[in-house]
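Peer 1: Dropping a prediction and its sequence here:
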Amino acid sequence: MGCGKSYWSKQLSRELKIPVCDIDDIIEDKYNAKIWEIFHAKGEDYFREIEYQVLQDLIRIKNDCIVSCGGGIPCYNNNMALMNVHGITLYLKASKEYVFNNLKRNRERRPLIAKLNDVELRSFIDIKLDERKSHYEKAMYIIDIDNIESSDILKTVINCINQHELNRYCGDNPSVLIQPPK
Ligand SMILES: Nc1ncnc2c1ncn2[C@@H]1O[C@H](COP(=O)(O)OP(=O)(O)OP(=O)(O)O)[C@@H](O)[C@H]1O
Ligand SMILES: O=C(O)C1=C[C@@H](O)[C@@H](O)[C@H](O)C1
Ligand SMILES: [Mg+2]
């Protein structure tokens, strides 16, 4: 939630030349409405259902892409398990202060925090991150972004993906790892 998934996934997409699918953006395009408008008109339960549908659509299409999920996705339905089965999942773990600094700007675009003042926003982040922690931590990789220079975050994400692919390729035959290039 607010840790920079949308921001970093776009950078990652440019770097790896793999398309990015930001689930919030897909929903806004598909329903021709802003996320906050959907929340206001139809409520949160409806929004969680369409998030789930869009995630399933992305899985069905099976194109290689970088998916930036909404902050709530891992905590509803069986979304986290689905993402773990069908992709490589990374949690950009950020402290409450880091998230506050990201979210205090443009909060009107996020329906869950639009009407909160700074004190209320801090309290919301405090409660939500505690509530969501166990879901977020089911990701395959956890990157502690508070302790990484901003200029190194992308590199760390790419290293994680490469390492994952290498392990998957090698399976239980680690000798592949040490073969020199032909
Ligand atoms: N490294 C960064 N440098 C500058 N701005 C950043 C950085 N990371 C995040 N931001 C800004 O912080 C805000 C929150 O980031 P972003 O929207 O990417 O978070 P998110 O994890 O996608 O949130 P959500 O869970 O709501 O989808 C945005 O305004 C974004 O531009
Ligand atoms: O943390 C959340 O629950 C949300 C995060 C955003 O990505 C949007 O999906 C929406 O504002 C809800
Ligand atoms: Mg986002």
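Peer 2: That came in fine, so what should we check first? Predicted model only: the values in this text are computed from it and were never measured. Residues are numbered from 1 along each chain as shown. Ligands and ions are numbered 1, 2, ... in the order given.
Peer 1: which SSE is the closest residue to ligand 3 within the chain in?
Peer 2: Closest contact between the chain and ligand 3, by Cβ to the ion, is at residue 6 (3.3 Å). All C-beta atoms are positioned from the backbone trio N, CA, C, and that covers glycine. Assigned by DSSP states H and E, residue 6 belongs to helix 5-16.
Peer 1: Alpha carbons of that helix, as PDB, please.
Peer 2: Extracted C-alpha coordinates of helix 5-16, given in PDB (Å, rounded to 0.1, in the frame of the first residue of the first chain):
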ATOM      1  CA  LYS A   5       4.500  -0.400  -6.800                       C
ATOM      2  CA  SER A   6       3.100   1.700  -9.600                       C
ATOM      3  CA  TYR A   7       6.100   3.900  -9.700                       C
ATOM      4  CA  TRP A   8       8.800   1.200  -9.700                       C
ATOM      5  CA  SER A   9       6.900  -1.200 -12.100                       C
ATOM      6  CA  LYS A  10       6.900   1.500 -14.800                       C
ATOM      7  CA  GLN A  11      10.700   2.000 -14.300                       C
ATOM      8  CA  LEU A  12      11.100  -1.800 -14.400                       C
ATOM      9  CA  SER A  13       9.100  -2.000 -17.600                       C
ATOM     10  CA  ARG A  14      11.300   0.500 -19.300                       C
ATOM     11  CA  GLU A  15      14.500  -1.200 -18.100                       C
ATOM     12  CA  LEU A  16      13.400  -4.800 -19.000                       C
END
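Peer 1: Can you name every helix or strand that it contacts?
Peer 2: strand 20-22, strand 66-68, helix 150-170 (3 or more Cβ pairs under 8 Å, 6 or more residues apart in numbering; DSSP states H and E).
Peer 1: worst-scoring helix or strand of the chain, pLDDT-wise?
Peer 2: Within the chain, confidence by mean pLDDT, DSSP states H and E is lowest for helix 175-178 among all helices and strands, at a mean of 55.
Peer 1: mean confidence score for the helix or strand where residue 119 lies?
Peer 2: Assigned by DSSP H and E, residue 119 falls within helix 118-136. Averaged over helix 118-136, pLDDT sits at 97.
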